[in-house]
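Asker: Quick one, structure for this:
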Amino acid sequence: MLTRTALRLIVMAFVTMFALVHAGNALGQDNLQKYFNDTACKVKATADPSQKRAILNDGLQNMSKALNRVESLRLISKDDRAGIDRFNVTLQERQNELAGSNGYDRVPDGQLNAFSDFVVQDMEQADRTITISLVTLLLIIIIVILVT
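Answerer: This is a model prediction of the structure:
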């Protein structure tokens, strides 16, 4: 039988692991949100609409590339692949809106700042509804950093 001390240590270890995983997920989500927020800040700091559009396009493409690279890794679970696919669909929709392709109207030059804010909010909402494991989330962040 386990002693009371051993049982406490086991319970404490599980509680600590749960807290660390939760904190790691929050950190990973914060980093993704920071990436999109930084992109929006760059857009707002730029006066030229073509540069704004290029910054948004590059940001969306870099995230898409990172997601595709992570998804191609063998160690990614089916659930993570499904989450990445949903995230990619959302990114593609934003790219289509920006460019005015696949049935979307092109975002007017005068609305690029507002669109950048919309992308940040949309990605934050997608972040909450799309479940991706901590390991996969960290891989995405690392690849985004390497790509940019």
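
Asker: who's in contact with Asn88?
Answerer: The contact partners of Asn88, taken as CB atoms under 8 Å, 6 or more residues apart in numbering, are 64, 67-68, 71. All C-beta atoms are positioned from the backbone trio N, CA, C, and that covers glycine.

Asker: Among these, name the buried ones.
Answerer: Using 16 or more other CB atoms under 10 Å as the burial test, the contacts of Asn88 include 64, 67, 71 as buried.

Asker: Where does pLDDT dip in the chain?
Answerer: Scanning the chain for pLDDT under 70 picks out 1-31, 126-148.

Asker: Tell me where it has strands.
Answerer: In the chain, no segments count as strands under DSSP state E.

Asker: Okay, helices next: where are they in it?
Answerer: 4-45, 49-71, 78-99, 112-129, 134-147 (DSSP state H).

Asker: coming back round to it: for Lys42, state which of the contacts of Asn88 is nearest.
Answerer: Ser64 (17.6 Å; CB to CB).

Asker: first to last residue in stretch 73-80, what's the distance?
Answerer: One end of stretch 73-80 sits 11 Å from the other (CA to CA, to the nearest Å).

Asker: now stretch 40-60
Answerer: Note: stretch 40-60 ends 11 Å apart using CA to CA.

Asker: who touches the closest residue to Asp117 other than its chain neighbours in this structure?
Answerer: Excluding its sequence neighbours, the residue lying closest to Asp117 (CB to CB, 6 or more residues apart in numbering) is Ala40, at 6.0 Å. The contact partners of Ala40, taken as CB under 8 Å, 6+ apart, are 116-117, 119-120.

Asker: Apply 6 Å and report the result again.
Answerer: 116-117, 120 (CB atoms under 6 Å, 6 or more residues apart in numbering).
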